[in-house]
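1. everything below, folded, please.
(4 chains)
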There are 2 protein chains.
Amino acid sequence: MVGAAARTEEMSWTDPTCPVARTLDLVGDRWSLLIVRDAMDGARAFTDFQHRTGIARNILTDRLRRLVERGILDRQTAPTGRRRNYVLTEAGRDLFALIVAARQWGERHAFAPAEPHSLLVDESGQPLPELRPTDAHGRPVDVDTTSVQHDRCP
Amino acid sequence: MVGAAARTEEMSWTDPTCPVARTLDLVGDRWSLLIVRDAMDGARAFTDFQHRTGIARNILTDRLRRLVERGILDRQTAPTGRRRNYVLTEAGRDLFALIVAARQWGERHAFAPAEPHSLLVDESGQPLPELRPTDAHGRPVDVDTTSVQHDRCP
DNA sequence: TCTTTTTGGTTGCAAAATGCAACTCATTGG
DNA sequence: CCAATGAGTTGCATTTTGCAACCAAAAAGA
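-> Alright, predicted model coming up:
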């Protein structure tokens, strides 16, 4: 299902039939996924995001608004007219796999072997195993063993 | 391991300790992942990429060069013809999981239920099951059951 | 062989996105 | 009440992108 404002604002897609392209149209700019990353790591207030990402404040204002419009973040006002903060929607939380894939690729290809980096761990402190696409029977697949059908409507 | 030119050119990272941020610095712009997507789907020549993505040619020139510099594409001279084309490196092929994650999120959240879209299938024509991050024991994990350690060097 | 077309770019300029600093205006802590 | 902080907005300079025209080498055709 498409996000709220994507409907009202009649989003113009780079490549309307490709889910990869639509995803990039929604969160594929320089900052949106870093904002989502920080939201997943507990950031909720404007300044949380500003300090963690280092993004310019006017751009942050715009990105937060767009992520809300696109159904990835939600603005919640705490009980007594307090400060509003930003929380992930279900669609936003579902970006977890994408962020994990980005993190793991970065660990494999953007760091020297001994170079320090932050680490994503499960509840027992263990790093996650690598995400591996599989076919319907659980066998690993890759570029060579898959193909894109451009002419189907499932 | 870091890409060839990332070393020579002394890349300046948005957030040097975060693998997600480094990945986005390398392929997180408006076009790079669509170029990789098309390379995975068989595009090799300049004009293949130009027609599939619709990107402006000067930008395409620049993105292709950067992807080569960053170790994601390689320029290969075809056996008979003199014309060089672009093929994915191992690091580029390893972006498969990231592209699949983007595709699956797009299918779930950027399309109306009956809206047509391209489909990634395995060798027997079956769509791939959804990628699910798991812990070391194979149990599904998500935002709530994981955390980022910002102070470790594995 | 000579000409035409296609490929793979480059250059210059206009438009859009981004970054930076200064300025509001409400909330909160003392 | 007053100062400090949070959450933006506004204006301007810089950077990135898009568009169209131009160009040289390679391939194709006559």
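
2. if I pick A:Val87, what's in contact with it?
-> By C-beta atoms under 8 Å, 6 or more residues apart in numbering or on different chains, the contact list for A:Val87 reads A:Ala39, A:Arg44, A:Leu73, A:Asp74, A:Gln76. The way it works is simple: take the backbone N, C-alpha and C, and place the C-beta from them, glycine included.

3. a helix runs through it, doesn't it?
-> No - read with DSSP: H, G, I helix; E, B strand; the rest coil, A:Val87 is strand and lies in no helix.

4. and the pLDDT at it?
-> We have a pLDDT of 96 for A:Val87.

5. that one pairs with what?
-> Here A:Val87 sits in beta bridges with A:Asp74, going by DSSP bridges.

6. enumerate the residues of chain A near DNA strand D.
-> A:Ala45, A:Phe46, A:Thr47, A:Asp48, A:Arg57, A:Asn58, A:Thr61, A:Leu64, A:Arg83, A:Arg84, A:Asn85 (C-beta under 7 Å from any atom of the strand).

7. neighbours of the closest residue to the fourth one other than its chain neighbours, just the number please.
-> The one in question is A:Asp48. Ranked by C-beta to C-beta, 6 or more residues apart in numbering or on different chains and with sequence neighbours excluded, the top spatial neighbour of A:Asp48 is A:Asp38, at 6.8 Å. Using other C-beta atoms under 10 Å in any protein chain shown, A:Asp38 has 22 other residues around it.

8. next SSE downstream of the helix or strand containing A:Asp38?
-> Take DSSP states H and E as the rule and A:Asp38 turns out to sit in helix A:32-40. As assigned by DSSP H and E, the chain's next helix or strand after helix A:32-40 is helix A:46-53.

9. and that next one with DNA strand C, contact?
-> No - judged by C-beta under 7 Å from any atom of the strand, helix A:46-53 makes no contact with DNA strand C; its nearest approach is 9.3 Å.

10. what's that helix in contact with?
-> Looking at what lies outside helix A:46-53 - C-beta under 8 Å, 6+ apart - the contacts are A:31, A:34-35, A:38-39, A:41-43, A:55, A:57, A:60-61, A:64, A:86, B:14-15.

11. for A:His51, see how far away the residue nearest to A:Asp48 is.
-> 9 Å (C-beta to C-beta, to the nearest Å).

12. and for A:Pro113?
-> 30 Å.

13. which one's more surrounded, the two?
-> A:His51 (12 against 6).

14. please pull out the lowest mean pLDDT helix or strand from chain A.
-> helix A:4-8 (a mean of 42; mean pLDDT, DSSP states H and E).

15. in its sheet, which strands sit next to the helix or strand where A:Val148 lies, and in what direction?
-> Here A:Val148 sits within strand A:146-149, counting by DSSP H and E. With DSSP bridges as the test, strand A:146-149 is paired with strand B:119-122 (antiparallel).

16. give me the distance from the strand it pairs with to the chain's centre.
-> 17 Å (C-alpha atoms, centre = their mean, to the nearest Å).

17. what residues does it touch?
-> In contact with strand B:119-122 (C-beta under 8 Å, 6+ apart) are residues A:135-136, A:141, A:145-149, A:152, A:154, B:100, B:103, B:127-128.

18. ok, so of these, who is nearest B:Arg22?
-> Taking C-beta to C-beta as the measure, B:Val100 is the one of the contacts of strand B:119-122 closest to B:Arg22, at 20.0 Å.

19. doesn't B:Leu128 make contact with the closest one?
-> Yes - with contact defined as C-beta atoms under 8 Å, B:Val100 reaches B:Leu128; the gap is 6.7 Å.

20. tell me, what's touching those two both at once?
-> A:Pro133, B:Leu120.
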